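Student: Let me see the structure of the following:
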Amino acid sequence: MTNLFKNILNIKKFILMAEIKIKSPAEGVLGRLDQVENIVRQYEKGGADIISAVVEQKRFGGDLNMIDRIKSVSRLPIFCKDFISDKKQLVEIKAHGADAVLLLAMHVSRENLRILFD
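Tutor: Sure, this is the predicted structure:
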């Protein structure tokens, strides 16, 4: 799905992205993995256009299976958030069905950044 946001903006002038985050270093536990499907259903009812899934495990309590869980109950695009450092992670994220990923360039060497964009 190329230009995900551009395609949505052609239909709508404002995009509502709703995030699922299991825990936060600052706020502690925010939810549980077994609640993902119910949260997604609530976000859809509330008008979400995109689901953002924080899949980083150590600090945020997520995992790649969150993407599978979201896909099982929704057809909304999935924006995956993780600390990406190598191409293998991108391949895994794509294999789970994410439509977009947040890449924080400050966490990646210039060499790996070139590889990730290829």
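Student: alpha carbons only for contacts and neighbour counts from here, please
Tutor: Will do.
Student: what is the most centrally placed residue in the chain paired to in the beta sheet?
Tutor: Nearest to the geometric centre of the chain sits Cys80, at 1.9 Å (C-alpha atoms, centre = their mean). Beta bridges link Cys80 to Ala53, Val101 when assigned by DSSP bridges.
Student: Look up the pLDDT of it for me, please.
Tutor: You'll see Cys80 listed with a pLDDT of 92.
Student: Helices of the chain, start to end?
Tutor: Taking DSSP state H as the criterion, the chain contains helices spanning 4-11, 36-45, 65-73, 87-96, 110-117.
Student: Is it possible to get CSV of the ones you listed that adds mean neighbour count and distance to Gln57?
Tutor: Conversion of the helices of the chain to CSV gives the following (neighbours: other C-alpha atoms under 10 Å; distance: least, C-alpha to C-alpha, whole Å):
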stretch, mean neighbour count, distance to Gln57
helix 4-11, 12, 26
helix 36-45, 16, 15
helix 65-73, 18, 11
helix 87-96, 15, 13
helix 110-117, 12, 21
